[in-house]
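1. got a structure for you, letters missing:
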């Protein structure tokens, strides 16, 4: 009996170190990663803004008819200050009236552009531009009459504004630009001098003021 107890005691002494080695060591808990603070984006004033897109023009023709004309525009803006820039705007719209002619109105206008809240993610602006307009109507030969293309040039001005959505650093969307103005192509007629345009497009910005 004494030998049996001694054997079990020896066995316990041999197994105890092995059990101690198999016991996993306690490691300190790793703290959860801290949340990265969001950096608020700031919007600087670009030196130059280029924009182009689609334009719809309502125009009173020489016969008093109101034409809905479709076309495009391109503008280049140079910002002198956070709230003030200078704009060059070129546009052309046309409407095919078939035997009455393919009528087009185009213009190149210059003027100031105002940003009442500076340049932000959503940037409203106002503008006034004045320059030269060109009216052309290509009338086909019809009913014994020869083809003709009456063309008139005159002073044109427009005022209005719009909203840009600056989604990316250099690229934005012109959500709307509405302008209302006057074109003096036919001075002997009082009903056809008004014009209005509505545009949408894209805006590319570069440089910083």
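-> Cool, the structure landed. Note that the structure is predicted; figures quoted are calculated from it, not measured.

2. low-confidence regions, the chain specifically.
-> Residue ranges of the chain with pLDDT under 70: 1-42, 61-64, 189-192.

3. spatially central residue in the chain, please.
-> residue 173 (1.7 Å; CA atoms, centre = their mean).

4. I figured residue 47 was touching residue 119, is that so?
-> No: here residue 47 does not reach residue 119: they are 11.1 Å apart, not a contact under CB atoms under 8 Å. For every residue, glycine as well, the C-beta is placed using N, CA and C.

5. between the two, which is the more surrounded one?
-> Applying other CB atoms under 10 Å to residue 47 and residue 119 shows that residue 119 carries more neighbours, namely 21 against 15.

6. who are the neighbours in contact with that one?
-> Residue 119 is in contact with 43-46, 82, 166, counting by CB atoms under 8 Å, 6 or more residues apart in numbering.

7. so for residue 104, what's the nearest residue that isn't a sequence neighbour?
-> Spatial nearest neighbour of residue 104, chain neighbours left out: residue 94 (3.9 Å); criterion: CB to CB, 6 or more residues apart in numbering.

8. after the helix or strand that the one you found is a member of comes which helix or strand?
-> Using DSSP states H and E, residue 94 sits in strand 84-96. For strand 84-96, the following helix or strand on the C-terminal side (DSSP H and E) is strand 102-114.

9. so that next one versus strand 84-96, what angle?
-> 170 degrees (axes from the mean of the first three to the mean of the last three CA atoms, to 10 degrees).

10. what about the nearest residue to the residue nearest to the centre of the chain once chain neighbours are set aside, how many residues nearby?
-> The shortest distance from residue 173 to any non-neighbouring residue, by CB to CB, 6+ apart, is to residue 165 (4.7 Å). Applying other CB under 10 Å, we find 14 other residues in the vicinity of residue 165.

11. so how far is residue 111 from residue 165?
-> 23 Å (CB to CB, to the nearest Å).

12. the longest strand belonging to the chain pairs with which strands, parallel or anti?
-> Secondary structure of the chain per DSSP state E: the longest strand is strand 122-138. Strands that pair with strand 122-138, judged by DSSP bridges, come out as strand 102-114 (antiparallel), strand 151-165 (antiparallel).

13. now render those strands as CSV, adding distance to residue 130.
-> What follows is the strands paired with strand 122-138, written out as CSV (distance: least, CB to CB, whole Å):
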stretch, distance to residue 130
strand 102-114, 6
strand 151-165, 4
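
14. many thanks, I have nothing further to ask.
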